[in-house]
Every structure is written in structure tokens, then in C-alpha cells.
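Enquirer: Quick one, what's the 3D model for this:
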Amino acid sequence: MAPSGRRDAIRAAVGARFGGGGTGPRSASGPPSGPREDAAPALLLARVVIVVVTCGFFFGGFVGLVESTRLSTAAKATALVLLLALVALHLRNCVRPADGSRPVGWMWTLGAQAVLTYLPMTWFHETWYGNPGFLAGAALLLLRPAWAGWAGFAAVLVAQVPVALAVRPTVVEALYLVVGQAALVGLAVYAPAGLADLVAALTATRTALAEAEVARERLGFARQLTDGVGASLTRIVERGDALLAGLRERPEQARPALTEALAEARDAMTRARAFAHAHRQDENAPPAPIAAEPTPRAVSVLRVVILILLIVPLPLRVLAAGHHSPGRWALFVGLLTAFVALYIRNCTPAPGGRPRGWRWTFAAQVVLAYAPLAVFDAKTWSVGLFLAGIALVLLRGPWRVLAVAAFACHDVYFGTWSPTALDHVYHVVWILERAALVYGLVRMADLARALGAARADLAAARVARERLRLGHDLHDLLGFSLSALVLESQLALRFADRDPEQAAARLAAGLAMARQALTDVDTVAGGYRGMSLAVEACAARGVLAAAGMVVEVAVDVGELPTGTDTVLATVLREGATNILRHSTASRCAITASVDPDGAVVLVLTNDGVRAAPGPVPTTAGMGLGSLVGRLAALGGTLSTGVDDEVFRLSARVPGQRRAESSAG
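Expert: As a prediction, the model looks like this:
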């Protein structure tokens, strides 16, 4: 999406150049669904993941309290109350509303969480050392701007170093507590909420992106139209006054200038026709490339970092505690690298939902999880603990349930980490909590990817619709004024020698049409501001009469809704343009009335048509097809036909109420 400043500049430019409002067909469709509606699944998933991760990690603290041999029963009860209070504070700070806002009084609750994170370590340091990770996640979510959140996150990790050394005096064990617990827990809390914010932001900005792309398309169209057709019309208008004076004072010398003006008018009309058809044919062309936001890429990096922190520290910690040869170290690192690479690949969102060849890569992961047990013991090579997460991501239906249940009992089979029944329960919870984290990361990243693609598709569709509208409007509106300009220029040239005053009158009428065409250039690029059927009927009568036709006009429709008035005025313009271009008419009639059902009926007839009797397809030509679409948007219809060399065009818009009568 374009940056907000750029988007505002585009909107401002469009508003200043073309004005707002409009009653005709626009580039946008109906109102989009709100951000909360589209982001609701991601928000719910984020909340579930945060709660599961929180409860899973805190369950470890609960087990540590229960199994502690150094604490009295009263101390355990006190610690349990404090632990529950810390859980409640953490959930309040980190389970956020749909708009991503911070809870009321968050500074106080964050401060209370910090106190409950560090103060009880004075009494319960052997079971309390794992809680700073939740404070790190809360800092990331609550402190703003982003640099402040990351600074708070880093401060918690730095503070965790002396805490870890006090509990685990070896460097390897201390690093594991800092990286494999505090950093992992903080990011595991932050990532789901951050992904939910991304989905909400993509939803909220999808319409803005479409509007920005349409505005950019409109500006480009206006620039091309102004440089081409507008430049020709401007030259005609600028030379008009001098040409009028010369026509009256030296008519014999005005013919070359009139000839040049006629050629300029014809060139403007030819350009407009070609531009209209070319732009309409280009409706399916992709819009200009849309600059992608950095957030999805940052989210991808964050997902990879979390997966590495999830898998790598535990086996490396155990390996470092043993005595292994360099060859075994190299083998271990190579196998672990392959397992992590496959894990990341299988957790990368793909257009089809799962990566290509996922069955083979999943099977390879299972083999990598268990085959090395022939070389390493189950405690050293412990990556099988993480298979439940990838099974939750890749499998579907009953196979998912069976596989996750089987992999969740990994430590029950090997018994390397669980000497008691409560420890078995803890490690099942430990595996399932990490599986939920993996699933949440992948599923929400997939939602963000799909929504980002849908947002780009919406922008492309809006741009295509706007191109179609611009092509139709250019044909329907500008065609009439340019045809009238060419006609008046031809008449001025015809009368130049024998009737200078009549030639001057025709030239003045042509200049008026040129000015109208310049106005139409702005109207086409900016959208309709409203047109009047009665006004267009008067203009059509003057132009058609100037072409030598006998014109009858009877418009009695009262006051119409603006949208109906504009569409029927557009139908009249196109009909009059077709009479000028495609017939040798000597008589024509324009009538508009309200029938007993309240529908407005506009009818144009003209003679001078040499065609077979019967209906004429409304799909013939660009103009009639455009009119059909405009009328259909109001529930109206268009019919055309020929009878005794008389062409009849009839437009009907239902459901209109008759107001005060006005004749055109």
C-alpha cells in the first residue's frame, strides 16, 4: 500500500482537480465489511493462542511449586496465589480488544506485573525464574512506539541473565533460560497479537488501497486526456475570439483559419474515440505495482525466529552438557539444521494452504525425528517433542487428531524427562502448548497473506472498473460535444463566403461546444456531478436544428432524482450523437414523460435510416452497451429498433414519482 502521506496527497490532488460527489457510476462498489468482521477469526485465534501459551508455561511453574521439597505448605499456598495473580495480570495486559488498543490503566498493570515477576524471586527463586518471559511479551505489546517495546523486551532479557546464573550457575544453562525461555515466551506472546493487528490493519486499509489506486488511475487518465484532447480544445478556444473578429471583418481571409479549426476539431474527436476504445480494451490490464508494506515481511522473519528458538535451544543445551566427539557434534548439528529447515518450510504459508510436496517433507521430518535415536539417546535428540505442531499444521480431519495425540505422548514413550505422573502430564501440556503456538503462527500468517492478496485483487478490480467507466464516460459524454463542435465548424466553413454573420454565429456556437467539451473532460475524469435531462434536451435541439433537422422536443417529467436525471441525460446525449454521426435525418423527436406506473420513459426517433426493419441489438457498439449498463443500475431498460426507415431509441426507468411539471 502507498504510505499514508502519499495516499493523502493523491486524495487531495483528486479532490482539488475534480471535486467530490457524483451521482453516476463510480469506481467503488458498496461499503465494505468492517475491520472487526474480517479480522474476527484472527483475533479469536490470537486470544486462544495467548491463553494456551500462558496457561501452558505457567503450568510448569505450578508443577515446580507442587514438587518443591524446600517450600513449606504455607509457602506453596502463598506462591500459588501470587502465581495466579501474575497470570491474571498477564492476560489482562496481553489479551487485547479488536482495535489493538491497550487496556485501561495499562501502565499500572504492567508495573504490577513487573513487581510480581521479580519480587517473589526473593523467596521462590527456584520455581519463579521462568516468569520474566511474560513480562518481556507484555512490554512488546504495551510500550509504544515500537522501539520502546523492543527496548523493554531487551531490558527484561538483560535482567534475566543474573537471575538465570543464580539458578543455573553454568553459562550454557543460563543462556538457555535467557534465550530458550525468556526470549521465546516473550515473542510467543507478542507474535499472535502482532499478527492479529496485521490482519486488522490489512482489513482496514484494503478499501483505502483500492481508493488510492483508483485515484492514481484517474489522475493518469486526466493527464493523458488533457494533454491530448484537452490541448486541441484549448487551442480552438484560445484562437476563437480572434477568428470570430477576422470572420466578420475579412471573411475572404478567414477560410484557411476555419479550415484549420475544423481539422483541429476533427482531430480532437478522433483522439477521443481512439482513447475511449483503447482505454476500455485496457480494462483488464493490471494496475501500477503496489508497494508492499514491510510488516508482512517482518512477520515472516519473526515466525522463523520463533521456530528456531522453539526447537534449537533444548537439544543444543543437552548436547553441550554431555561429552561428544567433534564428529558426533557435526552429525548432530547437520541433522538439527535439516530438521529445522524442513520445519520452517512446512510452516511457511502457501497459496494452496500447504507447501508443495508437504507429504514428503512431513515424512522426512518424522524420519529425522526418530532415525537418529540409533546414534543419540532420546534426551539428547529430543526434536520429536515438536512433531505435534507440524502435524497440527499439515494434517486434516481424523488424521490430525490421531497424529497430534500420538506425538503429544512422545515423552510418555521414552520417559527421559518425566520421572513422575505429574511430570508426564506437564510434558504433554508442554508439547500441546508449543503445538498451539506453531499452529497459531502459521494460520494467522496465512490469513495475513491471503488478506494481503485479496486486498491487491480488490485494488486491481477497482482499477479495472474505473478504466471501464472512464472509457464509457469519455465515449458517452465527450462524444456529443465534440460531434457538435465538428458540425458547427463545418457549418461555419460552409457559410464563410456567402453569409459571414451566419458563419460567425455557427462559429460562436462551436466555441461554446468546445468550452462544453473542456468541461466534459473534467467531468469524465472526475465522475459525474449531475446532469439535467431538460438542459440536455434544449442543447440537443439546438445542435440538431443547426444540422438542418426539424426537431420536436416534449419533456414533461417534473423533478427527477439526481441519479435518474443524470443517466437519462446521458442517454439523450448518446442518442443525439448517434443521430449526427450515423443518419441522414431530416426530422427527429425527443419526448420524455412519466407513465401511469411512475416510470420515466425517454424516446428519441429520427428518420433517414436505411436498415432492415426490426429491433437493433443494444450490444452493437460501445455507446449502446454502456447505456444498457447505466440504466440497469437503476433497474431500467433500453430498447432500439427500426420501422419504415425511422429509428427509435427508448429508455425506461421504473419507480419514479412525478413532481412539478417542467417542459423542455
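Enquirer: Which per-residue confidence value corresponds to the nearest residue to residue 180 once chain neighbours are set aside?
Expert: In this structure, residue 180 finds its nearest non-sequential neighbour in residue 313, 3.1 Å apart by Cβ to Cβ, 6 or more residues apart in numbering. No exception for glycine: its C-beta is placed from N, CA and C like everyone else's. On the pLDDT scale, residue 313 is placed at 89.
Enquirer: do residue 592 as well
Expert: With respect to pLDDT, residue 592 has a value of 92.
Enquirer: Bridged to it, which residues?
Expert: Residue 592 has these beta-bridge partners by DSSP bridges: residue 555, residue 602.
Enquirer: Go through the helix or strand hosting residue 404 and flag the buried ones.
Expert: Using DSSP states H and E, residue 404 sits in helix 397-408. Buried positions in helix 397-408, judged by neighbour count with 16 or more other Cβ atoms under 10 Å: 403, 404, 407, 408.
Enquirer: can you check stretch 571-583 too?
Expert: By neighbour count on 16+ other Cβ under 10 Å, the buried set for stretch 571-583 is 571, 572, 573, 574, 575, 576, 577, 578, 579, 580, 583.
Enquirer: How about stretch 436-446?
Expert: Buried residues in stretch 436-446, defined by neighbour count with 16+ other Cβ under 10 Å: 436, 437, 438, 439, 440, 441, 442, 443, 444, 445, 446.
Enquirer: quick one: secondary structure of the first one?
Expert: Under DSSP: H, G, I helix; E, B strand; the rest coil, the three-state class of residue 436 is helix.
Enquirer: Could I get the contacting residues of the closest residue in space to residue 93 that isn't next to it in sequence?
Expert: Using Cβ to Cβ, 6+ apart and skipping the chain neighbours, the partner closest in space to residue 93 is residue 138 (4.5 Å). By Cβ atoms under 8 Å, 6 or more residues apart in numbering, the contact list for residue 138 reads 90, 93, 94, 110, 113, 189.
Enquirer: quick one: which two of the residues you listed are the most distant?
Expert: 110 and 189 (13.0 Å; Cβ to Cβ).
Enquirer: Between those two, tell me which one has more neighbours.
Expert: A side-by-side neighbour count of residue 110 and residue 189, using other Cβ atoms under 10 Å, places residue 189 first with 29 against 23.
Enquirer: ok, the more buried one to residue 55 distance?
Expert: Counting by Cβ to Cβ, to the nearest Å, the gap from residue 189 to residue 55 is 12 Å.
Enquirer: Same check on residue 578?
Expert: For residue 578, the distance to residue 55 equals 73 Å [Cβ to Cβ].
Enquirer: swap in residue 95?
Expert: Distance, residue 95 to residue 55, by Cβ to Cβ: 12 Å.
Enquirer: Of the two, which one has the most company?
Expert: residue 95 (19 against 14).
Enquirer: Could you double-check that that one lies in contact with residue 48?
Expert: No. The pair residue 95 / residue 48 is not scored as a contact, 9.8 Å apart, by Cβ atoms under 8 Å.
Enquirer: Show me where the stretch 1-150 of the chain dips below the pLDDT cut-off.
Expert: The stretch 1-150 of the chain contains residues with pLDDT under 70 at 1-43, 98-100.
Enquirer: can you pull out the helices in it?
Expert: In the stretch 1-150 of the chain, the helices defined using DSSP state H, counting those that start in this stretch lie at 4-18, 35-67, 73-94, 106-118, 121-128, 132-142, 146-167.
Enquirer: Out of those, flag the one nearest residue 256.
Expert: Comparing the helices of the stretch 1-150 of the chain by Cβ to Cβ, helix 4-18 comes nearest, at 36.2 Å.
Enquirer: Can you show me the strands along the stretch 501-650 of the chain?
Expert: Using DSSP state E, counting those that start in this stretch, the strands of the stretch 501-650 of the chain run over residues 550-556, 587-594, 600-606, 614-615, 637-643, 646-653.
Enquirer: could you redo the ones you listed as JSON lines and give each row distance to residue 306 and mean neighbour count?
Expert: As requested, these are exported to JSON lines (distance: least, Cβ to Cβ, whole Å; neighbours: other Cβ atoms under 10 Å):
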{"stretch": "strand 550-556", "distance to residue 306": "70", "mean neighbour count": "16"}
{"stretch": "strand 587-594", "distance to residue 306": "68", "mean neighbour count": "20"}
{"stretch": "strand 600-606", "distance to residue 306": "64", "mean neighbour count": "23"}
{"stretch": "strand 614-615", "distance to residue 306": "67", "mean neighbour count": "10"}
{"stretch": "strand 637-643", "distance to residue 306": "60", "mean neighbour count": "16"}
{"stretch": "strand 646-653", "distance to residue 306": "59", "mean neighbour count": "21"}
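Enquirer: Indicate which one of the ones you listed is closest to residue 159.
Expert: From the strands of the stretch 501-650 of the chain, taking Cβ to Cβ, the stretch that ends up closest is strand 646-653, at 73.0 Å.
Enquirer: Now do the closest one against strand 587-594, angle only.
Expert: Going by axes from the mean of the first three to the mean of the last three Cα atoms, to 10 degrees, strand 646-653 is angled at 20 degrees with respect to strand 587-594.
Enquirer: Would you confirm that residue 141 contacts residue 188?
Expert: No. Residue 141 is beyond contact range of residue 188, at 11.9 Å (criterion: Cβ under 8 Å).
Enquirer: Compare those two (neighbour count), which wins?
Expert: A direct count of neighbours by other Cβ under 10 Å for residue 141 and residue 188 places residue 188 higher, at 28 against 25.
Enquirer: Where does the more buried one sit, in terms of helix or strand?
Expert: Going by DSSP H and E, residue 188 is part of helix 184-225.
Enquirer: quick check: mean pLDDT across that helix?
Expert: Looking at helix 184-225 alone, the average pLDDT works out to 69.
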